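Undergrad: Predicted model follows, preceded by the sequence.
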Amino acid sequence: MNKLNNKTKYRGLALLLAAGFIASSASVAVVSCKTGISLEKVLERRRDTKTLTLTYQSPVEGWNTAHTQLAGDGEFLANLYAGALGIDEYGRTYGDVFESGYADSNGNSPYVGNPAPKKSESSEHESSQIVSDEQDVEFNASLWQYKIRSNAKWFDKTGRVLRNIKASDFENTAKYILNSSKGSDLSMLWESFILNATELSELFSAYVALPNENGISETEENKLIDAAWKKALEKVSKVGEVFYKLKNKEGQVVESKEPVKILKPGFGLHINEEEGTVKFELTKPSTYFETVLTYGCFSPIYDAHVDQLANSPIDAFSGAYLPKSIDGDDKTLVKNDNYHFAEKTSISTINWKYLAKPTSSKAREMFEAGEVDSFVVKQTDEAGWNKYVGEDSLNPKFTGVYSTDPVKDFSFGIYYNFANATGDSKAIAASKVLQLKETREFLATSINRSDFVKYYSEKFDTVDQKVSKNVRNIYTSPNFAINPSADLGDGEIGSKDYVEYVKEAVERLTNKKVKSKDLEEGHDPFLNNSISLSNQDQSELIAAINKHIKDNGIETKEGKVELIWALSPDNSVTNPYLVQMFDNFNKIEGNPLKIVAPVSNTHKDWTALQRSGKFDLASSGWGPDYADPYSYLATYKINGDYAAYHGFRRLTDDLGENGDKKLKTSATDSFMEIVNSYDTKVKKIDTNEGDTTDDRYNNFAEEEAKAIYIDFLFTPFYNRNQYKEYKVSYIKPYTYGHAIYGLSTARTFTQQKSSSIATKEEYDYQINQYKLVKEAIDTRPSTGKANNVLFKTPTKSTTV
């Protein structure tokens, strides 16, 4: 199917931390207290428990939950707007705008929009459509149904009620996200899951772009959009093929070469305004779909006829907090007393201070000055580390330091751009040389990732340890996708982490030259190990690259092809570690490549380069959108979330019928075969309804392992969490949403604040109490739900 335009989808630049060193370099801070404060004074100090002071580093780019999923934006949007679903501190899903108990009132279901599934007696594995243990209701992983809370409302910034949230507000979200002219970052999540969202988006966007040519007479913009939406809905309501009018490369109006094919009728968002219900019909059964609904892109919006809202939001909010002052750099939110979970909110005011170019000590200095409520002890802050932790990194000297089990974080990788959008001769040369597999293998096996990654682990690495504890060798994060009913062999069924499937696949593909233990974090199966991976040593890889350069007339400078890895000026703490990594790579004898690292004038300039694909190499962190490996693997599809980074779509367009073919080389055909094979197989695995989870994970693992260890399409890089993260904070541990996906970790309405810093004994007690409750919940999911407002059915509320 030919798209109306080749829009680049940036959801990956959203929950990914673009080249990701910003949020990782140092927590936050601004005004420093040069003289510091004694540890005794820290323990004696008392703070207001109703006011929370935080900091942020990335300027807000958009105030529209249907447009942006940037991590920096999410800090504010998660507090100003209610989501469809949320995650509590124990990792349980609850209804936010939706009622929690609509589909399963007894509380035993792990879902909100489906009852608890029952194991099929005829199979050891789960079924996609089975009868609930508790109710005579079918569990259907392709259909998820919800009822909007009667007390979920829209408010203006003063807290005045505007109206109730309606089912059509979810249609507003779809109408915005699926209109390509809006430039939403979030269309791929809808298109990946919701029935006919891709097809509807193509038609809707075409009708909006050329209304008259496509039979729409409306001229006023809002009415035009509504008419285009109505017509697109009608077209997808029945099986068939639909052609539409668009403009070709020369600007002429022509009919689409291929039709939009409707194989199953209807759009997968079903709303009933009168009953206040919303149903999602999916393209495939997805037991993990509710993890998707914890994102802002499935939150209702007040009005579809808006834009990115780059400067300020419209005056309609639905969340736990309202904006008191958000126009300047420093922002203040205040408690929304009429929010449906207001009784859970103990913090009345949140103050955010904007910080640019923080150093690793600034957050600690600001905390000591009494200006923020928490900080993480950074290992690169020597004075702070010595003061709060000391020489024994596993036994901090300050009693007020604590460490919790971290939420599994972003997975960072090194990415190769195969179609640098800069388009000049140097960019073309770099894109051409990267098509050769030996080039990518040379980069993967010759860059010493620990040169950079030690930034996160230096205090925990032993003297004789050459590999950083934070080096990551698998793209998908551990403890993220778990098969609870895996075949463990010898007739045993049990839980199995998806990364274990990847390890097995790598062993198979490398004939056990790379072993499972080599893939653990803190090992490096790449560095100087090309013999194990391809039976070629470094000199043979260099020879192959030189031949490729010569045979294809690739431009060099002083005998080397330059590869641009742009740096942000805001990452002044981490940039030196990167530069050291580049310098050591560049020193390799006979190296035909040279990594060049220009620093952009501003962080905004650097972000623009990343989003437009004007670089050759980059690093970025991916935070998954839902608890399934496809959330990671979909990023590397041709039109995937990393489309701006890997450039597969740009390369495909260049090589196509109307392309310039300026990137064509002797390696192009074999490279595109790799790319197309990965794209096709990953899509097929995702939509294969007959697969058990074992089959699905095994097949995904094969593609992930092959992409990394055989085809070298990209290289895993690091886990940014310190090996052990130490905090000093007035915020009580485990009083916030606990999940790697969604916006729940950014929501502060459940956080509780102490008036003083607790001692180690007090922290240990709090953490142990949390773990006891968590164990009880794991055994019996309904534990504590009856008296928890997050899970109770709301009482009748006045409709506005």
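TA: Looks like it came in fine.
Undergrad: hey, let's count contacts and neighbours off CA atoms from now on
TA: Will do.
Undergrad: Direction included, what does the strand ranked longest in the chain pair against?
TA: Ranked by residue count and defined by DSSP state E, the top strand of the chain is strand 482-489. As defined by DSSP bridges, the strand partners of strand 482-489 come to strand 492-497 (antiparallel).
Undergrad: next one: the strand it pairs with to chain centre, how far?
TA: Centroid separation between strand 492-497 and its chain, computed with C-alpha atoms, centre = their mean, to the nearest Å, is 27 Å.
Undergrad: contact partners of that strand?
TA: Residues from elsewhere that reach strand 492-497, judged by C-alpha atoms under 8 Å, 6 or more residues apart in numbering: 124, 478, 479, 480, 481, 482, 483, 484, 485, 486, 487, 488.
Undergrad: Can you add neighbour count, distance to residue 779 and pLDDT and give the residues you listed back as JSON lines?
TA: Converted to JSON lines, the contacts of strand 492-497 look like this (neighbours: other C-alpha atoms under 10 Å; distance: C-alpha to C-alpha, whole Å; pLDDT from 0 to 100):
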{"residue": "124", "neighbour count": "13", "distance to residue 779": "20", "pLDDT": "37"}
{"residue": "478", "neighbour count": "17", "distance to residue 779": "22", "pLDDT": "89"}
{"residue": "479", "neighbour count": "14", "distance to residue 779": "19", "pLDDT": "84"}
{"residue": "480", "neighbour count": "21", "distance to residue 779": "19", "pLDDT": "84"}
{"residue": "481", "neighbour count": "19", "distance to residue 779": "19", "pLDDT": "88"}
{"residue": "482", "neighbour count": "19", "distance to residue 779": "17", "pLDDT": "87"}
{"residue": "483", "neighbour count": "19", "distance to residue 779": "17", "pLDDT": "88"}
{"residue": "484", "neighbour count": "15", "distance to residue 779": "14", "pLDDT": "82"}
{"residue": "485", "neighbour count": "18", "distance to residue 779": "16", "pLDDT": "81"}
{"residue": "486", "neighbour count": "20", "distance to residue 779": "19", "pLDDT": "86"}
{"residue": "487", "neighbour count": "17", "distance to residue 779": "22", "pLDDT": "83"}
{"residue": "488", "neighbour count": "11", "distance to residue 779": "22", "pLDDT": "85"}
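Undergrad: would you turn those into TSV with distance to residue 601?
TA: TSV is the format used below for these (distance: C-alpha to C-alpha, whole Å):
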residue	distance to residue 601
124	58
478	36
479	39
480	37
481	40
482	43
483	46
484	49
485	52
486	51
487	54
488	54
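Undergrad: And this structure, split by domain according to the record?
TA: 11-68+315-408+724-738+750-761, 85-298, 411-719 (automatic domain parsing).
Undergrad: and residue 794, which of the ones you listed is closest to it?
TA: Proximity to residue 794, assessed across the domains of the chain by C-alpha to C-alpha, is greatest for domain 85-298 (6.7 Å).
Undergrad: How far off centre is the closest one?
TA: How far domain 85-298 lies from its chain's middle: 20 Å, per C-alpha atoms, centre = their mean.
Undergrad: Do me a favour and get the end-to-end distance for that domain?
TA: Across domain 85-298, the terminal residues are separated by 9 Å (C-alpha to C-alpha, to the nearest Å).
Undergrad: Tell me the secondary structure at residue 427.
TA: In three-state terms, and counting by DSSP: H, G, I helix; E, B strand; the rest coil, residue 427 is helix.
Undergrad: what residues are up against it?
TA: Neighbouring residues of residue 427 by C-alpha under 8 Å, 6+ apart: 419, 420, 421, 615, 616.
Undergrad: The nearest residue to residue 651 once chain neighbours are set aside and residue 706, how far apart?
TA: Spatial nearest neighbour of residue 651, chain neighbours left out: residue 419 (5.4 Å); criterion: C-alpha to C-alpha, 6 or more residues apart in numbering. Residue 419 sits 22 Å away from residue 706 when distances are taken as C-alpha to C-alpha.
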